[in-house]
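1. Got a predicted structure here, sequence first:
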Amino acid sequence: MLNFHRRLPPAVGLGCKRADKIVKSSSVPFLRPGIRCAPGSRQTYCCQAVEQAGVTVAPSNGSNGNGVAAELDERQEAAKQAAGSDPFLAYNLEKNDWTVSSLSVIVLGASGDLAKKKIFPALFALYYEGLLPEHFQIFGYARSKMADDEFREMIAKTLTCRVGARDRCVDAQDKFLQRCFYQPGPYDKPDGFKYLSNRLSEQEAVKPRANRMFFLSIPPNVFLSATGNAVDQARSKSGWTRVIVEKPFGRDSASSKELGMGLAKHLDEDQIYRIDHYLGKELIENLTVLRFSNRVFEPLWSRQYIRNVQIIFSENFGTEGRGGYFDQYGIIRDVIQNHLLQILALFAMEQPVSLDAEDIRNEKVKVLRSMKMVTLDDVVTGQYRARGKLPGYLDDETVPKGSVTPTFSAIAMFINNHRWDGVPFLLKAGKALNKRRAEIRVQFRHVPGNLYRDKQGADPDAACNELVIRIQPKEAIYLKINNKVPGLGLRLDQTRLDLQYQEEYQGELPDAYERLLLDVVNGDKRLFIRCVQPWHVCVLHWLHLVALNCHGKAAQVPCDTAPC
């Protein structure tokens, strides 16, 4: 039997680091192969620590073993860094074997703005950084007639390289473009997808296993027909098939449920990746790290210390010719029910059991289930008018005359659980505002019995601590604190403890689509939205009623919470 000791004084002469964590044994049959430790000697005591480190160490005959200790520390640090940089180890993912597999990325709606501005540049960035497998190809599919060379010319205009790494950019672009192909065809008929599948098979013949990834960069009204034809006619027969669905995921609870059920007819849930690109931004992914790896924040992350949380999205431009699309959804459906609601759930959730996708998404669902129903009393809406050279919303020729669709909205949401009861979460989003920004502002409560209240002015709110997480632009995290101004007198000032990403970290931050596309390749669903979130559907339902009735009283229509 092994006797485990929690902590013992460091042993001298064992010839091994970590002698403060030991296993007492007369032999070492439990050690993994490759770990050498002399049985029957005092050096046996150190073997468990060496085994846990996962390195091969031969105990020294010296009195303190400092050389081995230093080497072990270095190897342990290297192992930690390797594990941290490998997403398969960090997030418990199944690794792709690219020695026997190829990857095909098929972009439906390849001639559209999203594909040209975001998807193809992101794929090139992944290729440029060496993050795509050796054997991969990209196929564009759309209704527009186009040859392969024309398609490559269109893509070439959108490609850029990382700052400071342009020396091999042109060569990399040429090689990338040679992997790009185009297949024209309709979305609602199978014939075009049959031709697509045949051309894919020709390119994939170099490997016995073919993995295919479809990106639906298409209007919502053709989602289901395009998905059905693509999967039925062009799914992989030897590898995995994954489908990325771009928001919006329906206009209301009924259409969201219809979309989910339609996708489920052709795909299993683990094949569907519902993408919200805001969840791929660096500061959003850092939310869980900031909170759960820094002890200072966890005690403060509750109603006892936080007065309110503001999640803000503002743009300094209007619809600019996209009014026809925007008018169908409005700012509530376009931004709040997607980007901001997902950020809220990620911010407010409890610590998950692990970093597995399902564990994280389970905690987000608990937040949504705890939400108080939104009513018109919790909402403010507005619509921008002409100001200076900026035309008003109704001046956009693509906007229907007399439209009352809101371009600004602020919604107070409440989470009825032990951590957040009574704390308002203020979700604010708008177009044509004074500046472009996206940030989370955590405003803390007043200091009870503040000794310096008479030194902080007439407005006590101005002296409250505030944690700001700036998502874009110029990513940053800073904490506002009260501080004494240097000098002989007693004068207080509010200053910042400031982390500016551009100053602290070298290199350009990856685009959100780069991160999310790579996650799909790796099978990582942490940052994607799950179908079976009935309470999420309910929240969308409430927000839909508010959007429809922004100038009247919303009807109390029950929500159908049946899963997809």
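-> Sure thing, it's come through.
2. Next one: the residue nearest to residue 455 when sequence neighbours are not counted, what pLDDT does it get?
-> Of all residues not flanking residue 455 in the chain, residue 492 sits nearest, at 4.8 Å (CB to CB, 6 or more residues apart in numbering). In short, each C-beta sits where N, CA and C put it, glycine included. What the model reports for residue 492 is a pLDDT of 82.
3. What distance do you get for residue 492 to residue 456?
-> With distances taken as CB to CB, to the nearest Å, residue 492 is found 6 Å from residue 456.
4. Now tell me what touches the host helix or strand of residue 411 from outside.
-> Assessed by DSSP states H and E, residue 411 sits inside strand 408-413. Residues outside strand 408-413 that contact it (CB atoms under 8 Å, 6 or more residues apart in numbering): 330-332, 336, 344, 371-372, 374, 378-384, 424-431, 433, 543, 546.
5. and those residues, which are buried?
-> Buried subset of the contacts of strand 408-413 (neighbour count, 16 or more other CB atoms under 10 Å): 330-332, 336, 344, 371, 374, 378-379, 381, 383-384, 424-431, 433, 543, 546.
6. Tell me which other helices or strands the host helix or strand of residue 328 touches.
-> Assigned by DSSP H and E, residue 328 belongs to helix 323-331. For helix 323-331, the packing partners by 3 or more CB pairs under 8 Å, 6 or more residues apart in numbering; DSSP states H and E come out as strand 408-413.
7. Alpha carbons only: can I get the strand it packs on in PDB?
-> Written as PDB, here are the backbone C-alpha positions of strand 408-413 (Å, rounded to 0.1, in the frame of the first residue of the first chain):
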ATOM      1  CA  PHE A 408     -30.900  52.400 -31.400                       C
ATOM      2  CA  SER A 409     -32.100  50.500 -28.300                       C
ATOM      3  CA  ALA A 410     -31.200  50.200 -24.700                       C
ATOM      4  CA  ILE A 411     -32.600  47.200 -22.700                       C
ATOM      5  CA  ALA A 412     -32.400  46.500 -19.000                       C
ATOM      6  CA  MET A 413     -32.200  42.800 -18.400                       C
END
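8. that older thread, how about the CA coordinates for the helix holding residue 328, as PDB?
-> Output of helix 323-331 as PDB, limited to C-alpha atoms (Å, rounded to 0.1, in the frame of the first residue of the first chain):
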ATOM      1  CA  GLY A 323     -31.200  49.600 -45.200                       C
ATOM      2  CA  GLY A 324     -33.400  47.100 -47.000                       C
ATOM      3  CA  TYR A 325     -31.700  44.200 -45.100                       C
ATOM      4  CA  PHE A 326     -31.500  46.100 -41.800                       C
ATOM      5  CA  ASP A 327     -35.100  47.200 -41.800                       C
ATOM      6  CA  GLN A 328     -36.200  43.500 -41.700                       C
ATOM      7  CA  TYR A 329     -34.500  43.000 -38.400                       C
ATOM      8  CA  GLY A 330     -33.700  46.300 -36.600                       C
ATOM      9  CA  ILE A 331     -31.000  46.900 -34.000                       C
END
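9. Show me which positions of it end up buried.
-> 323, 326-327, 329-331.
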